[in-house]
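Enquirer: with the input below, show me the fold.
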Amino acid sequence: MFLSNAPTLFMLAALMVGSLVLVHLAQERQERNVIRLYRLAALDRRRASIISVIANLKQVDDNPEVARVLGQALKSDLVRIQKLDPARGAEPEVRQGSSAADKGAGGDAKRSRVDSKTSFSSEREVTKARAHINDALALIRHLYEVRKVSGEALESTARHLGMLSALVGVNSNIHMAEQAMANADAKKALGHYRAAESYLLNGPLKGPEGEEKLQLILTRKQQILDSAAREESGQEYYTDRAA
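Expert: Numbering: from 1, shown residues only. Below is the predicted model:
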């Protein structure tokens, strides 16, 4: 009886084992698909962050090194996205670096362009610009942690972004001080010149450029103080004459 049913039992056991193997394979495939989708989502979030940081930073900065570091990380992520999901179409390229005309610009022209891009007309704009710089620095640090950026590139870009943040503070306060002087608001102008002086004395902007800006600020401050002293002296003179 047992021998006659042995082939049937064997077939049933084989079917059971086969079913278990198929279920296991299906689970493994599902797990791999979940991991793939998780990686795709993470890469998509980082891709969007890099594109956003690049676009925002261009409003403040033309530095090719920072653009190159971010651009390389972006291209690497796009390649991984394509490998994980070949069905997706090619992502739009993000233009990096400066134009040929920018690359050929001399030192004075470059400084003039940087000063122009880092001179804002309100504290709100300054806060926004510095937030973009902080976002770029945070992103590059993250890229270093996930080994997308070398330690040398992190150090170089962090040093540049720190200098850029100081430039925004200095140049914007000088610009706002000049606006205040144009509106005959010497008190407000003096406050902005003092803020710019503080950025220079306590920040990383040193050397000839920093010294040049500091001398400009000190000269303008003294002019305001001398003008205020003359006005006060004139008022005292007329007060004495009236008495």
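
Enquirer: so where is this protein shaky, pLDDT-wise?
Expert: Within the chain, the stretches with pLDDT under 70 are 1-7, 9-10, 12-14, 17-18, 20-21, 23-26, 89-111, 232-243.

Enquirer: quick one: the helices in it, in order.
Expert: Along the chain, counting by DSSP state H, helices occupy 2-57, 64-84, 100-103, 107-117, 123-145, 151-182, 186-202, 207-242.

Enquirer: can you redo those helices as CSV with mean neighbour count?
Expert: The way it works is simple: take the backbone N, C-alpha and C, and place the C-beta from them, glycine included. As requested, the helices of the chain are exported to CSV (neighbours: other Cβ atoms under 10 Å):
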stretch, mean neighbour count
helix 2-57, 12
helix 64-84, 17
helix 100-103, 10
helix 107-117, 13
helix 123-145, 17
helix 151-182, 19
helix 186-202, 18
helix 207-242, 12
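
Enquirer: surely G203 meets N171?
Expert: No. Judged on Cβ atoms under 8 Å, G203 makes no contact with N171 at a distance of 12.0 Å.

Enquirer: ok, the nearest residue to I54 once chain neighbours are set aside - contacts?
Expert: Once flanking residues are discounted, I54 sits nearest to L70: 5.3 Å by Cβ to Cβ, 6 or more residues apart in numbering. The contact partners of L70, taken as Cβ atoms under 8 Å, 6 or more residues apart in numbering, are I50, V53, I54, L57, Q96, A136, L139, I140.

Enquirer: hmm, 10 Å instead?
Expert: For L70, the contact set (Cβ atoms under 10 Å, 6 or more residues apart in numbering) comprises 49-51, 53-54, 57, 94, 96, 136, 139-140, 143, 148-149, 157.

Enquirer: centre-most residue in this structure?
Expert: A136 (2.4 Å; Cα atoms, centre = their mean).

Enquirer: who touches it in this structure?
Expert: 50, 52-54, 56-57, 60-61, 66, 69-70, 157-158, 160-161, 164.

Enquirer: how close does the closest residue to L200 other than its chain neighbours sit to S156?
Expert: Once flanking residues are discounted, L200 sits nearest to L214: 5.1 Å by Cβ to Cβ, 6+ apart. Taking Cβ to Cβ, to the nearest Å as the criterion, L214 is separated from S156 by 26 Å.

Enquirer: hang on, isn't L78 packed against L40?
Expert: No. Contact criterion Cβ atoms under 10 Å: L78 and L40 do not qualify, at 11.9 Å.

Enquirer: count of residues packed around A87?
Expert: Residues near A87, counting by other Cβ atoms under 10 Å, number 5.

Enquirer: if we can go back for a sec, between the contacts of L70, which is nearest M176?
Expert: Among the contacts of L70, L57 lies closest to M176 (Cβ to Cβ), at 22.0 Å.

Enquirer: separation between the spatially closest residue to that closest one that is not a sequence neighbour and R113?
Expert: Of all residues not flanking L57 in the chain, A136 sits nearest, at 5.1 Å (Cβ to Cβ, 6+ apart). Per Cβ to Cβ, A136 is found 19 Å from R113.

Enquirer: now the common contact residues for L78 and L40.
Expert: Common neighbours of L78 and L40, using Cβ under 10 Å, 6+ apart, are R88.

Enquirer: look up how far K128 lies from the residue nearest to the centre of the chain.
Expert: 13 Å.

Enquirer: now do A196
Expert: For A196, the distance to K128 equals 18 Å [Cβ to Cβ].

Enquirer: over to S112?
Expert: Applying Cβ to Cβ to S112 and K128 gives a distance of 23 Å.

Enquirer: so L164 touches V114, yeah?
Expert: Yes. Using Cβ under 10 Å, L164 is in contact with V114, at 8.4 Å.

Enquirer: need the overlap of contacts for these two.
Expert: Shared contacts of L164 and V114, counting by Cβ under 10 Å, 6+ apart, come down to V60, D61, N63.
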